[in-house]
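S.K.: here's a sequence, model it:
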Amino acid sequence: MANRPRIAVVGSVNVDLTTFTDDFPRPGETIFGKSFDLGFGGKGANQAVAARLCGAEATMVAKVGNDLFGPASIKNFESLGIDSTHVRTETGVSSGVAPIFVDSAGQNRIIVVKGANDALRPADVDQAASVLKQSACIVMQLEIPLDTVYYTIRFAKANGIRSILNPAPGQPLDMKQVGQVDYFIPNESEAETIAGKPVGSVEEAKSCAAFFLSQGVRRVIITLGASGCLLAGADGMELIPAFKVKTKDTTGAGDAFIGSFAVFLAEGMTERDALSRANLYAALSTTKVGTQKSFSKRAEFEQEWKTRAGAPA
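M.R.: Model prediction:
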C-alpha cells in the first residue's frame, strides 16, 4: 500500500434498523418480514469506516444523541481505529436512526430520522479545524444541516484541502456554494432530484452531468449502479464500467464507493484508477448484508482486485 492519508468526514452518524421482506405492507396492513439486522450506519460514518478499512487514517466530525445509541456509536468508531475526538453528544435529542427495508431483489428503501445530526453546526467544524487541516480530503453528505455543509466546503477551499460532496439524500442545493467542491458525487436518483432531469440511461446521465458542469461544478461523478460510474469535467466525459457480482444487499454501496475513492485518490492514483477500484470496492459490499459490516478490509480488497482487475462487467 502507498502512504496512509488522513480522510476527514464531516457528516452523519446513524443506527441502521434493517428489515428483509419479500413484500411491503399496504396502509393498515401487518405482514411478517424474513429477518432483521441492527448495525451502525449513517452516510458519514459509513464513509469514514470505508476509508479506514481501505487503510487511511480517518477522523469523524459529528453529533450523537444522549441515548443508548450514542455511546455505542462512539465505541464503534474507537474499535475501528477512527478518531472520534470530535464526535460530540447532543443532549435532549435522539441519535440518528435509519429504518431500512430490503426486498428480495436486494433493493432498499430507507427513512432517515436525523436526530442529533441536525445539531452539527459550523462551530463544530471550527472546533475540529486543527485535525481537518491535517487531512488529505474532507468528505461531506446531506444528512446534516446545509449551512454546515456549505461552511465546510468553504473551509476546505480556504485551506487548500481536497473536498468531496456526496449530495445524499438528494435535495435542492445552492450550486454556487457546491461549485467550490473538488468532486460532486450523486447517484442517479440524487442527480435527478437536484438537476430536475431524468437519469434513466448513460446518455441521460451525461446530459445531467453537463448541467452540473454548466452550474460551475468542476468534477462530477454520477454513480450508476450496475452500469458503473460517469466521470465528467471540462476535459470530457468517461464511463468507468462496473464489476459483476452476486448482489445480496445494496445498502451502503454508495458510501463504500465514496470512502474508498477518497482513499485511492489521496494515495496518488489517477482518477480513472481510483474510480475503477471504487467501483469494485462498492460492488463487493453488495455481496454481504448490512452497511459497515459489508465493507472489505484493504488486504481482502487487494486480493479481489488482483483477481478481477481488467475484467469489469
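S.K.: what comes up buried for the helix or strand of the chain with the lowest mean pLDDT?
M.R.: Across the helices and strands of the chain, mean pLDDT, DSSP states H and E gives its lowest value to strand 108-110, namely a mean of 84. Using 16 or more other Cβ atoms under 10 Å as the test for burial, strand 108-110 gives residue 108. For glycine as for every other residue, the C-beta is placed from the backbone atoms N, C-alpha and C.
S.K.: given that strand, what are its sheet partners and their directions?
M.R.: strand 96-102 (antiparallel) (DSSP bridges).
S.K.: quick one: contacts of the strand it pairs with?
M.R.: By Cβ atoms under 8 Å, 6 or more residues apart in numbering, the residues outside strand 96-102 that reach it are 12-21, 24, 41-42, 64-65, 69, 108-117, 143, 249, 251.
S.K.: now which of these would you call buried?
M.R.: Members of the contacts of strand 96-102 classed as buried by 16+ other Cβ under 10 Å are 12-18, 20-21, 41-42, 64-65, 69, 108, 112, 114-117, 143, 249, 251.
S.K.: these in strands, which ones?
M.R.: In this view, the buried ones among the contacts of strand 96-102 that belong to strands under DSSP state E are 14, 15, 16, 17, 18, 20, 41, 64, 65, 108.
S.K.: from the residues you listed, which is closest to residue 204?
M.R.: Taking Cβ to Cβ as the measure, residue 204 sits nearest to residue 108 out of these, at 22.5 Å.
S.K.: partner residues bridging that closest one?
M.R.: Going by DSSP bridges, residue 108 forms beta bridges with residue 102.
S.K.: where does the residue nearest the centre of the chain sit, in terms of helix or strand?
M.R.: Nearest to the geometric centre of the chain sits residue 255, at 3.0 Å (Cα atoms, centre = their mean). Assigned by DSSP states H and E, residue 255 belongs to helix 253-266.
S.K.: now do that helix: distance to the chain's middle.
M.R.: Its chain's C-alpha centre and that of helix 253-266 lie 8 Å apart, by Cα atoms, centre = their mean, to the nearest Å.
S.K.: can you show me the strands along this structure?
M.R.: Under DSSP E, the chain gives strands at 6-10, 14-20, 35-41, 57-65, 83-90, 96-102, 108-110, 137-140, 162-165, 183-184, 220-223, 229-233, 236-240.
S.K.: would you single out the least confident of those?
M.R.: When the strands of the chain are ranked by mean pLDDT, strand 108-110 comes last with a mean of 84.
S.K.: if we can go back for a sec, okay, the strands of the chain in CSV with distance to residue 260 next?
M.R.: Formatted as CSV, these follow (distance: least, Cβ to Cβ, whole Å):
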stretch, distance to residue 260
strand 6-10, 10
strand 14-20, 19
strand 35-41, 17
strand 57-65, 12
strand 83-90, 19
strand 96-102, 21
strand 108-110, 20
strand 137-140, 11
strand 162-165, 12
strand 183-184, 13
strand 220-223, 12
strand 229-233, 12
strand 236-240, 13
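S.K.: show me the shaky parts of the protein.
M.R.: The chain contains residues with pLDDT under 70 at 1-3, 310-313.
S.K.: so what's residue 285 up against?
M.R.: By Cβ under 8 Å, 6+ apart, the neighbours of residue 285 are 252, 253, 256, 294, 295, 296.
S.K.: give me that answer again for 7 Å
M.R.: Applying Cβ atoms under 7 Å, 6 or more residues apart in numbering to residue 285 gives the contacts 252, 253, 256, 294, 295.
S.K.: isn't the residue nearest to the centre of the chain right next to residue 51, touching?
M.R.: No - contact between residue 255 and residue 51 fails when scored by Cβ atoms under 7 Å: they sit 9.9 Å apart.
S.K.: what about residue 306, how many neighbours?
M.R.: 8 (other Cβ atoms under 10 Å).
S.K.: please report how far it lies from residue 299.
M.R.: Counting by Cβ to Cβ, to the nearest Å, the gap from residue 306 to residue 299 is 11 Å.
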